[in-house]
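Undergrad: Let's see this in three dimensions:
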Amino acid sequence: MLYFFVCLFALVIGYYTYGKIVDRIMAPDANVITPACRLEDGVDFVPMPKWKLLLIQVLDIAGIGPIFGPILGALYGPVALLWIVFGCIFAGGVHDYMSGMLSMRNNGASVPELVGEYMGMSARQVMRVFSVILLLLVGVVFVLAPAKLLAGITGMHVGIFVACIFGYYFLATILPIDKLIGRCYPFMGGLLIVMTAALAIALLTGDYAILPNMDFTMSTHPGDKPIWPLLFITLSCGALSGFHSTQSPLMARCCTSEREGRQIFYGAMIIEGIIALIWATIGMSFYNSPEALQAVISAGSPAAVVKEVSHTLLGPIGGTLAVLAIIVLPITSGDTAFRSTRLILAETFKIDQKAIAKRLMIAVPLFLIGYVISTQNFSTIWRYFGFSNQALATMVLWAGAVYLAKTAKLHWICTLPATFMTAVCATFIAQAEIGFGLPMDTSILIGAGSALVALVIFMAKFGFTNGKVALDSAK
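TA: Have a look, this model is predicted:
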């Protein structure tokens, strides 16, 4: 139990220490007029209070990632908690903060435009296609996953919930952000936080051995899957996730001051890290062994774990409320995934979004494509999501590093996690069956070599030139 509280304390302290360091390096200016105020259009650029933006950002970035990912990560043992803590503070929080702040400083631009701004037109074009495909997959999966959970609770046909969720997504995509999202999300965010805290208290005060296995030396995965690099691909949203960078611009268009960035972007990541910490701890403590946890996952996916844990710890009523709070997560990320896709396409084709007819011009075909995808068996394509998600995070971190180097700021806060994640992604795609299927030793060498090459290229072009100035600026 002590280890859990040490990790929890570390996340909170990380926000107040490293989060302030990152914020100081970025040097937010309270006198700058933000896009929300300068470009206010009543649709996407809408000033909103900071507390609302924080809760909306938590729900935007969460999805099922900070629950399903940590449940799967729990199979690897207590080292998963270390990745949640260190990944959240030094990688995920920085990634989310940089994507939000860079968007705010570039007229609320979406992630493809941000990457292109600092890494060139080729990167911009690749990211446009990559982001749209990724967001469509996320949006569709976040229709099917909650629909199946709701069907399991009510006994109604899953198709009814698919239609209802698609209808809600359509409204959330085209309506002004403060009319539906701005009004509903704060309540749903509060429900999520309360129910997650209730599960943690029930577990810690119940008759359970909290984190009984503290062996950090080896993976406890029943399938003998190695920690490197699979843990860092599997456990993404609770530590580092590229999907978050597609969502941060939504709130960057609603911030009324650059000084709000640390609380909204870095702070939301820390909250997600706490949620992930709780669910990883549940996975390692509620079940007697990784094999027992794996059996439940194999029988019904991580959703079965959520249902069993919630009803056991909180009873029928509390368990149902907890499951409903968890169902909120994919729904409140799926709608903003479609909304983000609309904005990316609008930026790409230069279509102003103030008039509803222009929004419908993009949204209608977008949802038709989404519906077609939802009828297909795209499980093979979806297997690439974990890799694609972390590859996107790596690209955003490198873009942040370039920005910091170009503006004579301490770029290492982005350069180090970007280098680490380059090694993770390169090793994974070299070794995985969906990649090149190479032996692990060879894959590790390729990963390390790729990270080294990326770092050398960056330092040769940006790091050494601006390094001394950056250090002086940070002082």
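Undergrad: What lies in contact with stretch 125-142?
TA: 63-64, 110-112, 115-116, 169, 242-243, 246, 330-331, 333-335, 337-338, 340-341, 344-345, 348, 366, 369-370, 373-374, 378, 381-382, 385, 388-389, 392, 395 (CB atoms under 8 Å, 6 or more residues apart in numbering). Bear in mind the C-beta positions are built from the backbone N, C-alpha and C, glycine included.
Undergrad: Wait, residue 405 touches residue 462, no?
TA: Yes - using CB atoms under 8 Å, residue 405 is in contact with residue 462, at 3.7 Å.
Undergrad: So for those two, which sits in the more crowded spot?
TA: residue 405 (26 against 20; other CB atoms under 10 Å).
Undergrad: Quickly list what's touching both of residue 405 and residue 462.
TA: With CB under 8 Å, 6+ apart, residue 405 and residue 462 have common neighbours residue 411.
Undergrad: quick one on the thing from earlier: in PyMOL, how would I select the buried members of the contacts of stretch 125-142?
TA: To isolate the buried ones among the contacts of stretch 125-142 in PyMOL, judged by 16 or more other CB atoms under 10 Å, type:
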select buried, resi 63+64+110+111+112+115+116+169+242+243+246+330+331+333+334+335+337+338+340+341+344+345+348+366+370+373+374+385+388+389+392+395
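Undergrad: Could you point out which residue ranges in the protein have low pLDDT?
TA: 377-383, 463-475 (pLDDT under 70).
Undergrad: ok, longest helix in it?
TA: helix 290-349 (DSSP state H).
Undergrad: next structured bit after it?
TA: On the C-terminal side of helix 290-349, the closest following helix or strand by DSSP states H and E is helix 356-374.
Undergrad: Pull the residues that contact that following helix.
TA: Residues from elsewhere that reach helix 356-374, judged by CB under 8 Å, 6+ apart: 43, 136-137, 139-140, 143-144, 162, 166, 169-170, 173-174, 338, 341-342, 345-346, 351-353.
Undergrad: Give me the angle between it and helix 290-349.
TA: Computed by axes from the mean of the first three to the mean of the last three CA atoms, to 10 degrees, the angle separating helix 356-374 from helix 290-349 equals 140 degrees.
Undergrad: and helix 356-374, which residues are buried?
TA: Quick answer for helix 356-374 (16+ other CB under 10 Å): 359, 361-363, 366-367, 370, 373-374.
Undergrad: and those residues as JSON lines, adding distance to residue 86?
TA: Listed next are these as JSON lines, based on distance: CB to CB, whole Å:
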{"residue": "359", "distance to residue 86": "41"}
{"residue": "361", "distance to residue 86": "45"}
{"residue": "362", "distance to residue 86": "39"}
{"residue": "363", "distance to residue 86": "40"}
{"residue": "366", "distance to residue 86": "37"}
{"residue": "367", "distance to residue 86": "39"}
{"residue": "370", "distance to residue 86": "36"}
{"residue": "373", "distance to residue 86": "36"}
{"residue": "374", "distance to residue 86": "37"}
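Undergrad: Do a quick rundown of the helices in the stretch 1-150 of the chain.
TA: For the stretch 1-150 of the chain, the helices defined by DSSP state H, counting those that start in this stretch cover 2-16, 18-26, 35-38, 50-62, 65-73, 79-87, 93-104, 111-119, 121-154.
Undergrad: for those helices, which one sits closest to residue 188?
TA: Smallest distance to residue 188 across the helices of the stretch 1-150 of the chain (CB to CB): 6.2 Å, for helix 50-62.
Undergrad: tell me the angle the closest one makes with helix 290-349.
TA: Counting by the same axes, to 10 degrees, helix 50-62 lies at 110 degrees to helix 290-349.
Undergrad: Show residues contacting stretch 43-56.
TA: Here stretch 43-56 makes contact (CB under 8 Å, 6+ apart) with 35-37, 39-40, 108, 176-178, 181-182, 185-186, 189-190, 250-251, 253-256, 260, 263-264, 267-268, 343, 353-354, 359.
Undergrad: let's see it at 7 Å
TA: Residues outside stretch 43-56 that contact it (CB atoms under 7 Å, 6 or more residues apart in numbering): 35-37, 39-40, 108, 176-178, 181-182, 185-186, 189-190, 251, 253-256, 260, 263-264, 267-268, 343, 353-354.
Undergrad: right, and the helix or strand after the helix or strand containing residue 389?
TA: Element membership of residue 389, judged by DSSP H and E, is helix 385-406. Going down the chain from helix 385-406, the next helix or strand is helix 412-431, by DSSP H and E.
Undergrad: In stretch 319-330, which residues are buried?
TA: Per 16+ other CB under 10 Å, stretch 319-330 contains these buried residues: 319, 321-330.
Undergrad: So which of the residues you listed is the closest to residue 283?
TA: Closest approach between the buried residues of stretch 319-330 and residue 283, by CB to CB: residue 326, at 14.1 Å.
Undergrad: Let me see the contact set for that closest one.
TA: 67, 306.
Undergrad: does the closest residue to residue 46 other than its chain neighbours sit in a helix or strand, and which one?
TA: Distances taken as CB to CB, 6 or more residues apart in numbering put residue 178 closest to residue 46, at 4.8 Å, once the chain neighbours are dropped. Using DSSP H and E, residue 178 sits within no helix or strand.
Undergrad: so residue 393 makes contact with residue 246?
TA: No - between residue 393 and residue 246 there is no contact under CB atoms under 7 Å: 10.6 Å.
Undergrad: Now residue 78, what are its backbone angles?
TA: Note on residue 78: backbone dihedrals following degrees, to the nearest 10 are phi -60, psi -20.
Undergrad: what's the burial count for it?
TA: Residue 78: 20 surrounding residues under other CB under 10 Å.
Undergrad: where's it relative to residue 98, distance?
TA: Going from residue 78 to residue 98 by CB to CB, to the nearest Å gives 29 Å.
Undergrad: Can you check what angle separates the helix holding residue 389 from helix 93-104?
TA: Using the same axes, to 10 degrees: helix 385-406 against helix 93-104 is 70 degrees.
Undergrad: Could you list every helix and strand in contact with helix 385-406?
TA: Counting by 3 or more CB pairs under 7 Å, 6 or more residues apart in numbering; DSSP states H and E, the packing neighbours recorded for helix 385-406 are helix 93-104, helix 111-119, helix 121-154, helix 227-234, helix 243-252, helix 412-431, helix 464-474.
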